[in-house]
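Chemist: make a model of this:
(chains A and B)
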Amino acid sequence: MGVKVGVLALQGDVAEHIAAFRESLAGRPGSFVVPVRQARDLADLDALAIPGGESTTISRLIGKNGLHEPLAEFGGGVFATCAGMVLAADRVDDPRVRTLNLIPMHVARNAFGRQVDSREAFLDVAGLADPFRAVFIRAPVATEVGPGTEVLARIPEGIVAVRSGRHMAFAFHPELGGDLRLHRMFLKGLGL
Amino acid sequence: MKLEELRFGTELIKRGFASMQKGGVIMDVVNAEQAQLAEEAGAVAVMALERVPADIRTAGGVARMADPQKIVEIIDAVSIPVMGKARIGHFVEAQILEALGVDMVDESEVLTPADEQFHIDKTGFGVPFVCGARNLGEALRRVNEGAAMIRTKGEAGTGNVVEAVRHMRAIMGGIRALKGMDSQELIDRAREIEAPAELVIECANLGRLPVVNFSAGGIATPADAALMMQLGADGVFVGSGIFKSTDPETTARAIVEAVNHYDDPKVIAEVSKGLGEAMKGLDVHLLRQEEVLQTRGR
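Modeler: Alright, predicted model coming up:
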């Protein structure tokens, strides 16, 4: 059976997420990846990616487009990166961001400082045999996780990869750089 | 994590930063208060300036990088990225902006050029750069120098979108024209537009620029912003258009929504209602040669 993936397409690196999921699902008939801009686009999706971008901007646009409830109640798996990780949390250090409460964790925005402090690092991620080339861009970190949230990777600044039930969140950008192992791990976790 | 393998300022990080701005509006601001208003309105980043381009035109004289104190004041006021402008070729202004913690440097024709032959060698910096361009050749020369993002130049500080449209059509049309060319023809075209052949070939394969491409220079209304998006921009810079309007707060919010819903005329109509006066604007055909900014740098 085909796998149906949506990418929240309000602001940020939407095209990169669409390309990465399309490549992850290549050769699987009936599968497709679509941009999600309104609540009705979420119907029948197996999974949803929440991309990187500016979390304050995306949060504002979620509210403006009446997407807060539909996203918070989404029945499929969520694959959230960077700003997406901030939105997927249930607590954040910035009152301007209204979280979707999908993953029990506290997230701090811009935990690395300015853009010149953004970095690439080879990261050990639980469940992967070899290190992952992780790209952190003005990235957040989780400072604390709640019950049921499994920490998959941690660096001195904080927690940078988590899994909670059907959802996964990353402070870095698995959609950039061409390594799709975390996409496959996510789809496998959903039984897809 | 292996600390010895940490890497900063790679192409992937710099271009990745630009990718995170896509679908967004970057607003010119001259103080902390304007920066906060921009952030509240949903801007993805702000450009920290001494004066907006319309005032740079009025002031005349040599336009330089903003006072570092002003830039720090703006950096401290917001959580979204802060960009700053350096003069074309003025790599020391760029070094200063990087040292201040600016998230992206705009090597900008809006300021008076410091070097009429060379642009900044941007590959040597950890901070990413955005550069203006009027056509495909100019865009690819900037990418070759290390620009992580391109913006159409338009004609800044005029509130007149005509030049932004001309430049966006030139870049998008230039890429469309590559379609169907064989490798010899692509190399020949590269020579013609004075751009590196490998970048021309990359554009032909991708069907777009290899970096994010925003629009700038003359966007004054939500409709202008949506026009540039429909012509293929990944996002927009709005300079004088916001803080030279009668109601900056409403105009800023309206432009953010128009970019988000750029292909939905009903939403653009709704947000365009009752915005008050847009900036007055200038007829670009009446500018004297020395008043034209877009021909600075090539």
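
Chemist: what residues does the stretch 51-200 of chain B put near chain A?
Modeler: B:79-81, B:98, B:101-104, B:126-128 (Cβ under 8 Å from any Cβ of the partner chain). C-betas here are computed from N, CA, C, even on glycine.

Chemist: in strands, which of those residues fall?
Modeler: Within these, residues falling in strands by DSSP state E are B:Met104.

Chemist: going by distance to B:Gly217, which of the residues of the stretch 51-200 of chain B next to chain A wins?
Modeler: B:Met104 (17.1 Å; Cβ to Cβ).

Chemist: what about that closest one, neighbour count?
Modeler: 24 (other Cβ atoms under 10 Å in any protein chain shown).

Chemist: repeat for B:Phe118
Modeler: Quick note: B:Phe118 (other Cβ under 10 Å) scores 12 neighbours.

Chemist: from memory it sits against B:Gly89, does it?
Modeler: Yes. At 5.4 Å, B:Phe118 and B:Gly89 qualify as touching, with contact defined as Cβ atoms under 8 Å.

Chemist: farthest-separated two in the residues of the stretch 51-200 of chain B next to chain A?
Modeler: Among those, B:Ser79 and B:Gly126 lie farthest apart (Cβ to Cβ), at 20.8 Å.

Chemist: what is in contact with B:Phe118 and B:Gly89 at once?
Modeler: When Cβ atoms under 8 Å, 6 or more residues apart in numbering or on different chains defines a contact, no residue borders B:Phe118 and B:Gly89 alike.

Chemist: just for the stretch 1-150 of chain B, where's the confidence low?
Modeler: B:1-5 (pLDDT under 70).

Chemist: any idea how far the residue lying closest to A:Leu102 once chain neighbours are set aside lies from chain B?
Modeler: The shortest distance from A:Leu102 to any non-neighbouring residue, by Cβ to Cβ, 6 or more residues apart in numbering or on different chains, is to A:Ala88 (4.5 Å). Distance, A:Ala88 to chain B, using Cβ to the nearest Cβ, to the nearest Å: 17 Å.

Chemist: what sits against A:Ala88?
Modeler: Contacts of A:Ala88 were listed using Cβ under 8 Å, 6+ apart, and they are A:50, A:78, A:80, A:99-100, A:102-103, A:167, A:169.

Chemist: pick out the residue in the stretch 151-298 of chain B sitting closest to chain A.
Modeler: Residue nearest to chain A within the stretch 151-298 of chain B: B:Asn260 (5.6 Å; Cβ to the nearest Cβ).

Chemist: quickly list what the residue nearest the centre of chain B is bridged to.
Modeler: Residue closest to the mean C-alpha point of chain B, counted by Cα atoms, centre = their mean, is B:Arg151 at 3.9 Å. Per DSSP bridges, the residues bridged to B:Arg151 are B:Gly132, B:Phe214.

Chemist: so who does it touch?
Modeler: Neighbouring residues of B:Arg151 by Cβ under 8 Å, 6+ apart: B:106, B:130-133, B:213-217, B:237.

Chemist: try 6 Å
Modeler: Applying Cβ atoms under 6 Å, 6 or more residues apart in numbering or on different chains, we find B:Arg151 in contact with B:130, B:132, B:214, B:216, B:237.

Chemist: just the strands in the stretch 51-200 of chain B please.
Modeler: B:82-87, B:104-108, B:129-133, B:149-152 (DSSP state E, counting those that start in this stretch).

Chemist: show me which residues of the lowest-mean-pLDDT helix or strand in chain A are buried.
Modeler: Every helix and strand of chain A was ranked by mean pLDDT, DSSP states H and E. The lowest is strand A:119-123, at a mean of 94. Within strand A:119-123, the residues scored as buried using 16 or more other Cβ atoms under 10 Å in any protein chain shown are A:119-121, A:123.

Chemist: now stretch A:75-89
Modeler: A:76-89.

Chemist: for the closest residue to B:Leu97 other than its chain neighbours, grab the count of nearby residues.
Modeler: Leaving aside its sequence neighbours, B:Leu97 sits nearest to B:Gly84 (Cβ to Cβ, 6+ apart; 4.3 Å). Using other Cβ under 10 Å, B:Gly84 has 29 other residues around it.

Chemist: pull the residues that contact the longest helix that chain B contains.
Modeler: Longest helix of chain B, by residue count under DSSP state H: helix B:162-176. Contact with helix B:162-176 is made by B:134-136, B:139, B:152-155, B:203, B:215, B:217-218, B:231-232, B:284, as judged by Cβ under 6 Å, 6+ apart.

Chemist: interface residues of chain A facing chain B?
Modeler: Residues of chain A found near chain B (Cβ under 6 Å from any Cβ of the partner chain) are A:11-13, A:52-54, A:57, A:60-61, A:114-116, A:118-123, A:135, A:137, A:155, A:176.
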